[in-house]
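**Q** Only the shape, not the letters, is given here:
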């Protein structure tokens, strides 16, 4: 079992926190088979509210995938207790927001897409279903009369214990 953390970095302006929108948030990844090295062509997604049984009935995981090249059955699981938000004090630094329990698969790419929640640091205003496809987002907080933004979104994967 290998645990891999998804770390993100961003520059925040008048933003207190970026978080996911709950158990139905979709994590879009490209995955590589550790057995043969084959990488998925298309984006695969998983979420906490969609669980799949493993072979032999040993439990449920976020995704079970059979490799197209070597036919090995691999699986990956979102570790719910390791999900975190990105906060303003982490501005410009890489911070882990999710950890994946990987068995035979390894994430190699992440697509931010939509479904994020952004909280203003200047008022009680929050924005739901924010789309980070462009790796930046700009809005106006009409309660505090300030602009809010998330820019320079980046990600990386790090093996963790």
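**A** Received the coordinates, thanks. Predicted model, so just to flag it, every value in this text is computed and none were measured.

**Q** Check what pLDDT residue 161 gets.
**A** Residue 161 carries a pLDDT value of 83.

**Q** Check the average confidence over stretch 40-52, would you?
**A** On average, stretch 40-52 scores 94.

**Q** which of the residues in it are buried?
**A** 40, 44, 46, 47, 48 (16 or more other C-beta atoms under 10 Å). Placement of C-beta: from N, CA and C, glycine included.

**Q** which ones are touching the residue positioned nearest the centre of the chain?
**A** Centroid check for the chain by C-alpha atoms, centre = their mean gives residue 27 as the closest residue, at 4.8 Å. Contact analysis of residue 27 by C-beta atoms under 8 Å, 6 or more residues apart in numbering lists 6, 45, 46, 47, 78, 98, 110.

**Q** what's the helix or strand hosting the second one in contact with?
**A** Right, the one you point to is residue 45. In this structure, residue 45 sits in strand 44-46 according to DSSP states H and E. Strand 44-46 has contacts (C-beta under 8 Å, 6+ apart) with 26, 27, 28, 29, 30, 31, 62, 63, 65, 76, 78.

**Q** what does stretch 154-161 give?
**A** The contact list for stretch 154-161 (C-beta under 8 Å, 6+ apart) reads 2-10, 94, 96, 99, 106-108, 110, 112, 135.

**Q** Would you mark the buried spots in that stretch?
**A** For stretch 154-161, using 16+ other C-beta under 10 Å, the buried residues are 155, 157.

**Q** Does residue 68 touch residue 38 like I think?
**A** Yes. Counting by C-beta atoms under 8 Å, residue 68 does reach residue 38; the two are 6.3 Å apart.

**Q** ok, those two, which is more surrounded?
**A** residue 38 (15 against 11; other C-beta atoms under 10 Å).
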